[in-house]
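**Student:** Here is the input, now give the coordinates:
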Amino acid sequence: MRFPDLNELRARNTLKWTRYPADALPMWVAESDFGTCPEVKQALLDAVDREAFGYPPATTGLGEALSKFSTSHYGWGPKPEHVFAVPDVVRGVWLAIEHLTRPGAPIILPTPSYMPFLEFSRVMDRETMIIDAYGGIDLDAVEDCLRRGAGSIVLVSPYNPLGFAFEREFLVELAELVARYDARIIADEIHAPLVFARRNIPVASVSDTAAAVTVTVTATSKAWNIAGLKCAQMVFSNAADAAAWERIHPLWREGVSTIGLVAAEACYRADTAFLDEQLQVLRSNRDTLAAELPALIPGLTTTIPDATFLMWLDFRDTALADRPAAQILQRCKVVLNEGLTFGPGGAGHARLNFACTPDTLTEALNRLSTAV
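**Tutor:** Down below sits the predicted model:
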């Protein structure tokens with residue numbers, strides 16, 4: 001795996017490297033700092049040579065590529081014809097709620113939550129029922145929301161920002177519960193390739209009931225760092241949902257990038273070496289942070305993630321409890337995500353992105369040693 005230096009990373013001119021001053025070390029938004037997967041880069045260069053800049057093709061190999069990857073990595077092979085491209089995961093989750101759940105039914109949202117999902121109640125004119133995800137999702141809390149009319153739960157699996165990977169038994173029980181109330185699971189599985197100790201368990205794979213009630217939305221944007229290419233995937237585990245998707249007006253479904261389709265298919269077809277090496281680096285970074293951060297900032301506790309490259313930091317018993325990310329930016333020039341932006345329960349916390357090079361991690365720890 002290639003590790004670009006800071007000058008190369010800044011030259012990418014992406015959000016991570018342009019939002020804050022050049023002397024700040026960005027460890028916030030979920031972009032990674034690694035070199036691009038060679039097969040993906042070559043596929044993009046070939047597409048540029050072909051001048052493949054028109055509208056997306058009528059047919060692609062994306063569904064087949066995703067199905068083979070999912071079979072190999074997760075033991076679950078969705079039908080290629082039930083895979084559809086969509087610009088990004090947020091659009092996919094939104095469309096699934098709007099068109100595949102009961103009209104107007106409230107949404108169950110575990111928090112702390114991926115930030116855009118907190119906006120759904122405002123833009124969709126639906127109530128959001130918040131439940132606490134600390135320590136895991138409480139099925140009794142889910143059922144209470146379902147009794148009060150909720151029509152879906154948005155389940156980020158693996159979970160951002162807390163980093164846990166759900167166990168099969170929990171997913172089976174959740175699916176049975178949701179089915180009992182004629183509701184749906186909208187599963188955001190964007191971090192699925194990034195599970196450390198075992199392979200990911202797709203929600204729809206755990207039972208026939210789960211396949212019937214789950215809509216899966218995923219993408220290659222996190223594991224291969226290609227968010228700007230705009231190509232996520234809707235993965236349907238029953239024919240009725242696939243047919244319903246095709247009835248949605250193209251105005252809402254379209255917007256996928258031609259180049260993004262090329263890149264996503266290349267990700268799923270690439271050799272596993274890139275992902276394997278990335279997971280080794282991420283595991284090492286995670287373990288280093290878990291071992292060293294509490295010694296640098298007295299009172300700090302960390303959630304050691306089972307998956308993702310995101311670590312949830314609890315500053316409530318430190319001298320930085322009030323808006324810790326803002327204080328760390330001011331004192332240390334390290335950029336974290338403020339916990340408050342993840343919704344209820346986020347105060348006194350921050351999220352740290354550890355998808356960085358070893359040199360960057362060392363520099364971040366050196367800077368954080370001056371926080372208090």
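**Student:** Show me where the stretch 51-200 of the chain has its strands.
**Tutor:** 83-86, 107-111, 128-132, 152-156, 184-188 (DSSP state E, counting those that start in this stretch).
**Student:** Can you tell me the strand partners of the third one and which way each runs?
**Tutor:** Right, strand 128-132. strand 107-111 (parallel) (DSSP bridges).
**Student:** which one of the strands of the stretch 51-200 of the chain lies closest to R269?
**Tutor:** strand 83-86 (13.9 Å; CB to CB). Every residue, glycine included, has its C-beta placed from N, CA and C.
**Student:** Can you tell me the strand partners of the closest one and which way each runs?
**Tutor:** In its sheet, and by DSSP bridges, strand 83-86 pairs with strand 232-236 (antiparallel).
**Student:** can you give me the angle the strand it pairs with makes with strand 184-188?
**Tutor:** 150 degrees (axes from the mean of the first three to the mean of the last three CA atoms, to 10 degrees).
**Student:** tell me the average confidence for strand 232-236?
**Tutor:** For strand 232-236, the mean per-residue pLDDT is 99.
**Student:** ok, now stretch 175-182?
**Tutor:** On average, stretch 175-182 scores 99.
**Student:** and H249, which of the strands of the stretch 51-200 of the chain is closest to it?
**Tutor:** That would be strand 83-86 among the strands of the stretch 51-200 of the chain, by CB to CB, at 13.4 Å.
**Student:** pull the CA atoms of the closest one into CSV?
**Tutor:** Taking C-alpha atoms only, strand 83-86 is exported to CSV below (Å, rounded to 0.1, in the frame of the first residue of the first chain):
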residue,chain,number,x,y,z
VAL,A,83,-28.6,-4.3,-7.8
PHE,A,84,-29.2,-0.7,-9.0
ALA,A,85,-26.9,2.3,-9.0
VAL,A,86,-27.8,5.5,-7.2
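**Student:** Report the buried residues of it.
**Tutor:** Using 16 or more other CB atoms under 10 Å as the test for burial, strand 83-86 gives V83, F84, A85, V86.
**Student:** Show me what the mean pLDDT comes to for it.
**Tutor:** The average pLDDT within strand 83-86 is 98.
**Student:** quick revisit: I'd like the strands of the stretch 51-200 of the chain laid out as CSV, including distance to T209.
**Tutor:** Listed next are the strands of the stretch 51-200 of the chain as CSV, based on distance: least, CB to CB, whole Å:
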stretch, distance to T209
strand 83-86, 21
strand 107-111, 18
strand 128-132, 21
strand 152-156, 14
strand 184-188, 10
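**Student:** gap between C356 and E363?
**Tutor:** 9 Å (CB to CB, to the nearest Å).
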